[in-house]
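[1] Quick one: sequence plus predicted model below, questions after.
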Amino acid sequence: MKKLIMVLALLIAAFGATGGLAEGQPVAIVVHPDVQVSDLTTSQLRRIFLADQQFWPDRSRIVLLVRAPKADDRNMVLDRIYQMSESEYSRYWIAKIFRAEIAAGPQIVFSSNMAQELVTAIPGSITFIPSSEIDSHIKVLSIDGLLPDQPGYALH
């Protein structure tokens, strides 16, 4: 059963996880509504996404949700936050697990809708979605004091 789920996940990632980000559209960083943070610096955001920072200031665990390979918003995040290629990203997480710095890599989500549902359901979670898909019940973080619709926003 576990192998079947893994095969299905790979098929979805390969064929169904693309799209979602229009040309020039920013990516919003969103968190669970109870996260006591509203702004991060680019440096703090990178530390969180690299799992170098694994706890929020209130000591609650950060749960990282990342889109599956081939998603346009993932490509932007790999470029702008991780500053890695897809293969470098994979090797990074394998090495981090191998060194026992973390128990597991980020949780994979297969769509922006799934990311939104999980980030509102999982305490301490953080993810990214195209800014056009932000709805009223999701908490959007500013990065370096800027929101996705403002000039100079880092993930544009």
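    Nice, I can see it.
[2] ok, which stretches of this structure are strands?
    27-31, 39-40, 63-67, 107-109, 125-130, 139-140, 142-143 (DSSP state E).
[3] For the closest residue to H156 other than its chain neighbours, grab phi and psi.
    Excluding the flanking residues, the one nearest H156 by C-beta to C-beta, 6 or more residues apart in numbering is P26, at 4.3 Å. All C-beta spots, glycine's among them, are computed from the backbone N, C-alpha and C. In terms of degrees, to the nearest 10, the main-chain angles of P26 are phi -80, psi 160.
[4] and P26, what does it touch?
    Shown in contact with P26 (C-beta atoms under 8 Å, 6 or more residues apart in numbering): 130-131, 148-149, 153, 155-156.
[5] So for D58, what's the nearest residue that isn't a sequence neighbour?
    Excluding the flanking residues, the one nearest D58 by C-beta to C-beta, 6+ apart is Q36, at 5.2 Å.
[6] Good, we can wrap up now.
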